[in-house]
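Chemist: requesting a structural model of the entry that follows:
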Amino acid sequence: MQNFRTYQLAKELFRKAKGIELKTPYKQQFERAMLSIPLNLAEGSAKTSNADRKRFYEIALGSLREVQAMIDLLELDHLAKDADVLGGHLFRLVYSLDPRAR
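Modeler: Below is the predicted model:
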């Protein structure tokens, strides 16, 4: 996983967001979505088919979009740039595995 740049970016965002104090309903949802990103990247990287990898990477991208919405709604602006960079990497990963994109 050390050479998987997108995973490393997800791990870094997770680390930066880890100590954020939020009210309980927000905190639980935010933490679940944040954790979903690196875990789906890790699981997807172990799949043998492009279709399976793409599915897990799409789930990670969806979780990131959920996190980005919470960053916006809760005004956690200090996380926005890192989330945007990660989003670009995730989008490229998904796109690279789309057979229609070739």
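
Chemist: gap between the residue nearest to Glu66 when sequence neighbours are not counted and Leu39?
Modeler: With CB to CB, 6 or more residues apart in numbering as the criterion, Glu66 has its nearest non-adjacent residue at 4.4 Å, and that residue is Ala33. For glycine as for every other residue, the C-beta is placed from the backbone atoms N, C-alpha and C. As for Ala33, its distance to Leu39 is 11 Å (criterion: CB to CB, to the nearest Å).

Chemist: check Gln28 too.
Modeler: 16 Å.

Chemist: these two: who's more crowded?
Modeler: Taking other CB atoms under 10 Å, Gln28 and Leu39 do not tie; Leu39 has more neighbours (17 against 11).

Chemist: in the chain, which segments are predicted with low confidence?
Modeler: The chain contains residues with pLDDT under 70 at 101-102.

Chemist: longest single helix anywhere in it?
Modeler: Selection of the longest helix in the chain by residue count, based on DSSP state H, yields helix 50-73.

Chemist: buried stuff in that one?
Modeler: By neighbour count on 16 or more other CB atoms under 10 Å, the buried set for helix 50-73 is 53-61, 63-64, 66-68, 70-71.

Chemist: I'd like to know how far the closest residue to Ala60 other than its chain neighbours sits from Val94.
Modeler: Spatially, and ignoring its direct neighbours in sequence, Ala60 is nearest to Asn40 (3.9 Å; CB to CB, 6+ apart). Distance from Asn40 to Val94, counting by CB to CB: 11 Å.

Chemist: find residues that contact each of those two.
Modeler: Common neighbours of Asn40 and Val94 (criterion: CB atoms under 8 Å, 6 or more residues apart in numbering): Tyr57.

Chemist: and these two? which has more neighbours close in?
Modeler: Asn40 (23 against 19).

Chemist: so the more buried one makes contact with Arg55?
Modeler: No: counting by CB atoms under 8 Å, Asn40 does not reach Arg55; the two are 9.1 Å apart.
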